[in-house]
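# structure for the following, please:
(chains A and B)
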2 protein chains.
Amino acid sequence: MPELRYNVITHDWVIIATERAKRPEEFAKKKDKKVLPVFVPTCPFCPGNEKMTPPEAYVVSDTTGWRVRVTPNKFAALACEGKRERSIQGIRRKVSGVGIHEVIVETPDHSKTTAQLSDREMEILIQTYLNRFKAASADPRVEHVTLFKNHGEAAGTSLEHPHSQLIGTPVITSQIRDRLIHSLRHFDEFGECVFCHVMDLESQEGTRVVLESEKFICFTPFAALTPFSITIIPRRHMACFAEMNDAEAADLSKILRRTLSKLYWGLSDPDYNYAIRTTPIEYTGVKYYHWYVSIIPRLTKMAGFELGSGMFINVSLPEENAAFLRGITVE
Amino acid sequence: MPELRYNVITHDWVIIATERAKRPEEFAKKKDKKVLPVFVPTCPFCPGNEKMTPPEAYVVSDTTGWRVRVTPNKFAALACEGKRERSIQGIRRKVSGVGIHEVIVETPDHSKTTAQLSDREMEILIQTYLNRFKAASADPRVEHVTLFKNHGEAAGTSLEHPHSQLIGTPVITSQIRDRLIHSLRHFDEFGECVFCHVMDLESQEGTRVVLESEKFICFTPFAALTPFSITIIPRRHMACFAEMNDAEAADLSKILRRTLSKLYWGLSDPDYNYAIRTTPIEYTGVKYYHWYVSIIPRLTKMAGFELGSGMFINVSLPEENAAFLRGITVE
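Purely as a prediction, here's the structure:
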């Protein structure tokens, strides 16, 4: 019989459609893998084409050239110039669309996917995320910073060259606002961080664990909304992504790269998004929220039921997804 | 400059990306229209193939045969048999996956789309929705009923034959629960139905109105999350879909059909979902919630920012969308 499960962090119900569930390997991408060239003359993110993007905001280089390169997004969703102004008229609320929208080019090599970066390259990327998160957070017009990645067409990108993005918004985004409210209430009622509790339970039960490292745990959530949804969460309680120290950043680099590799090899390079779900920087130290990384492979489509109810039908079992990924050997 | 707008009903912020906005006609589907046959021998919803589906739960017939046919979904997300049981262990909550999942075949004609139904056919369909909504609501295991439609592949369906669906869940879905909470708070604070206020404002301002009829208003919301999102809302305050009378049902049939026609002709038969956002039936008469129909054309993809923040980037202007649709002449 199908089962409804409750996500105690988001307060969402999900239908785990056991009868309709597919086996993990059925989610592997069918289409032939395209071999990408190392350099594409028309790609704005390839070395030598730097003039095709706005001037860089940040760069990490070595003797061979840049390794990671950050520029304002040429097609920014928010204006980098201008004042933040709020208008309140009756029930209408508006804020001027100012903020920060950056592109983080992850490697000079067009042919790589994020899953194929070395640990060292991934560490440079995570350190870049930290740098840009702090820089964007320092802008007084920015209330909240979202770091995210779109990989593949189903995940909303048409640019092949591996890149991540950062958007600093002039309001707190609704998902984080709602998680802050829910987790504060949980703290008030139970005197604990709900994320710490979930993490401890996942670690004890073990059936949904994909990987464990010294400083992070990677698992498929009990009430995963979609097939192969993955959470990577730090063992140490930290509200804000910027609280992470260097040892933790190095550890995150490894576990994130290994998780992406497992998806790459297990599901034939699926399209996916990931996002860092953190508090704004000034929440540093709060006891009730706990930042984490969500990886969301884009293996199914949202239909009218999901859009009309907010409830998802997950046609896979989180426990089977995790066991399948544990079985994929990666370096 | 882009603009952030607040949806006072859902409490979501959306970025209206004015700089990146496309013109309405750019959203029209590029691919050639496929001419569908009237009858397909392998289609489970075509007349003569009734044995390919479970026995019917409800049917509307005339002398020529059935006009609308409702059956349990062969691949149901919830089990129709079994007890509703809730398990609460520590922070884990589960409910057995029982409920109702029906398919509503809208016409015997395989070649039609919902936009091409006659007013009379649409009225039979709306009356069928009402009948099935009430029948599902009478099941003591069902807390909430969602009526919805998936049209086209991007909207999550592979079956061409026009059909809608109904899912009766053993819990209230999270979107409706959250809208109930928000709108109850608004009522408490301002002594009014927030939906009535929004409707009056849209009607006065007029810039986002697509169609007005005697009993309904159709508009693109001020803070529409995606291009060409549409709300059709009854002028009379009603919390629950089942409160609608026959004259209103007839009026809804016309305005829904005309709206779908405008999308069909204006955007070349776009993929879309629609859903009826109503309270559960026992909320009949409450003053703070107001049911409505959401139509969501699937013209763009959710990417990492949307999934990671809950905030959408709408690359169109609701005012331009509405003006464009007003300009499409339909019967």
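
# what's A:Cys43 in contact with, if anything?
By Cβ atoms under 8 Å, 6 or more residues apart in numbering or on different chains, A:Cys43 lies in contact with A:49, A:110, A:159-161. C-betas here are computed from N, CA, C, even on glycine.

# of these, select the buried ones using a PyMOL command.
Those of the contacts of A:Cys43 that count as buried under 16 or more other Cβ atoms under 10 Å in any protein chain shown are selected in PyMOL with:
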select buried, chain A and resi 110+160+161
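
# possible to save the contacts of A:Cys43 as TSV with distance to chain B?
Listed next are the contacts of A:Cys43 as TSV, based on distance: Cβ to the nearest Cβ, whole Å:
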residue	distance to chain B
A:Asn49	22
A:His110	20
A:Leu159	12
A:Glu160	15
A:His161	16
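
# and the contacts of A:Cys43, which two are furthest apart?
Taking Cβ to Cβ, the two most distant members of the contacts of A:Cys43 are A:Asn49 and A:Glu160; they sit 13.6 Å apart.

# in what helix or strand does A:Ser61 lie?
strand A:58-62 (DSSP states H and E).

# pLDDT of that strand, averaged?
Mean per-residue pLDDT for strand A:58-62: 97.

# what's that strand packed up against?
When contacts are defined as 3 or more Cβ pairs under 8 Å, 6 or more residues apart in numbering or on different chains; DSSP states H and E, strand A:58-62 packs onto strand A:65-72, helix A:119-137.

# list the contacts of the closest residue to chain B within the stretch 101-250 of chain A.
Closest residue of the stretch 101-250 of chain A to chain B, Cβ to the nearest Cβ: A:Gly156 (2.7 Å). Contact partners of A:Gly156, counting by Cβ under 8 Å, 6+ apart, are A:150, A:273, B:301-304.

# at 7 Å what do you get?
Listed by Cβ atoms under 7 Å, 6 or more residues apart in numbering or on different chains, the contact set of A:Gly156 reads A:150, B:301-304.

# again with A:Val38
A:109-111.

# and A:Arg132, by the same measure?
A:58, A:70, A:102, A:104, A:166.

# kindly recompute the last result at 8 Å.
A:57-58, A:70, A:102, A:104, A:147, A:166 are the contacts of A:Arg132 under Cβ under 8 Å, 6+ apart.

# show me the two of those residues that sit farthest apart.
A:Ala57 and A:Leu147 (14.3 Å).

# more crowded one of the two?
Taking neighbours as other Cβ atoms under 10 Å in any protein chain shown, A:Ala57 and A:Leu147 compare with A:Leu147 leading, 28 against 19.

# just say helix, strand or coil for that one.
Three-state assignment for A:Leu147 (DSSP: H, G, I helix; E, B strand; the rest coil): strand.

# so for it, what's the pLDDT?
98.

# quick one: it and A:Phe133 touch, right?
Yes: counting by Cβ atoms under 8 Å, A:Leu147 does reach A:Phe133; the two are 6.3 Å apart.

# need the overlap of contacts for these two.
A:166, A:241.

# nearest to B:Thr10, of the contacts of A:Cys43?
A:Leu159 (30.8 Å).

# could you verify that that closest one is part of a strand?
No: assigned with three-state DSSP, A:Leu159 falls outside any strand and is coil.

# the residue nearest to it when sequence neighbours are not counted and A:Asn7, how far apart?
Of all residues not flanking A:Leu159 in the chain, A:Phe45 sits nearest, at 7.0 Å (Cβ to Cβ, 6 or more residues apart in numbering or on different chains). Distance, A:Phe45 to A:Asn7, by Cβ to Cβ, to the nearest Å: 36 Å.

# which residue ranges form the strands in the stretch 101-250 of chain A?
A:144-151, A:163-169, A:209-212, A:216-219, A:230-234 (DSSP state E, counting those that start in this stretch).

# picking that back up, how far off strand A:65-72 does the strand holding A:Ser61 point, in degrees?
180 degrees (axes from the mean of the first three to the mean of the last three Cα atoms, to 10 degrees).

# could you pull out the buried residues of strand A:58-62?
Result for strand A:58-62 [16+ other Cβ under 10 Å]: no buried residues.

# so what strands line up beside that strand?
For strand A:58-62, the pairing partners within the sheet under DSSP bridges are strand A:65-72 (antiparallel).

# alpha carbons of stretch A:127-140, as PDB, please.
The C-alpha trace of stretch A:127-140 is given here as PDB (Å, rounded to 0.1, in the frame of the first residue of the first chain):
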ATOM      1  CA  GLN A 127      35.800  28.300  -1.100                       C
ATOM      2  CA  THR A 128      34.600  30.500  -4.000                       C
ATOM      3  CA  TYR A 129      31.000  29.900  -2.900                       C
ATOM      4  CA  LEU A 130      32.000  31.000   0.700                       C
ATOM      5  CA  ASN A 131      33.800  34.100  -0.600                       C
ATOM      6  CA  ARG A 132      30.900  35.200  -2.900                       C
ATOM      7  CA  PHE A 133      28.300  34.400  -0.200                       C
ATOM      8  CA  LYS A 134      30.000  36.700   2.200                       C
ATOM      9  CA  ALA A 135      30.600  39.400  -0.400                       C
ATOM     10  CA  ALA A 136      26.900  39.400  -1.500                       C
ATOM     11  CA  SER A 137      25.800  39.300   2.100                       C
ATOM     12  CA  ALA A 138      27.800  42.500   2.800                       C
ATOM     13  CA  ASP A 139      25.600  44.500   0.300                       C
ATOM     14  CA  PRO A 140      23.100  46.300   2.500                       C
END
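
# ok so, going back, quick one: which of the strands of the stretch 101-250 of chain A is nearest A:Ser87?
With Cβ to Cβ as the yardstick, what comes closest out of those is strand A:163-169 (16.6 Å).

# return the set of buried residues in the top helix by length along chain A.
Using DSSP state H to define each element, chain A has its longest helix at helix A:246-266. Within helix A:246-266, the residues that qualify as buried are A:248-264, A:266, counting by 16+ other Cβ under 10 Å.

# ditto for stretch A:264-276
For stretch A:264-276, by 16+ other Cβ under 10 Å, it's A:264, A:266-267, A:269-276.

# what of stretch A:4-18?
Those would be A:4-10, A:12-17, for stretch A:4-18 by 16+ other Cβ under 10 Å.

# out of those residues, which is nearest to B:Val95?
Using Cβ to Cβ, those come closest to B:Val95 at A:Leu4, 4.1 Å.

# of the contacts of A:Arg132, closest to B:Trp66?
Among the contacts of A:Arg132, and counting by Cβ to Cβ, the member closest to B:Trp66 is A:Leu147, at 53.9 Å.

# which strand residues bridge the closest one?
With DSSP bridges as the rule, A:Leu147 is bridged to A:Leu166, A:Ile276.
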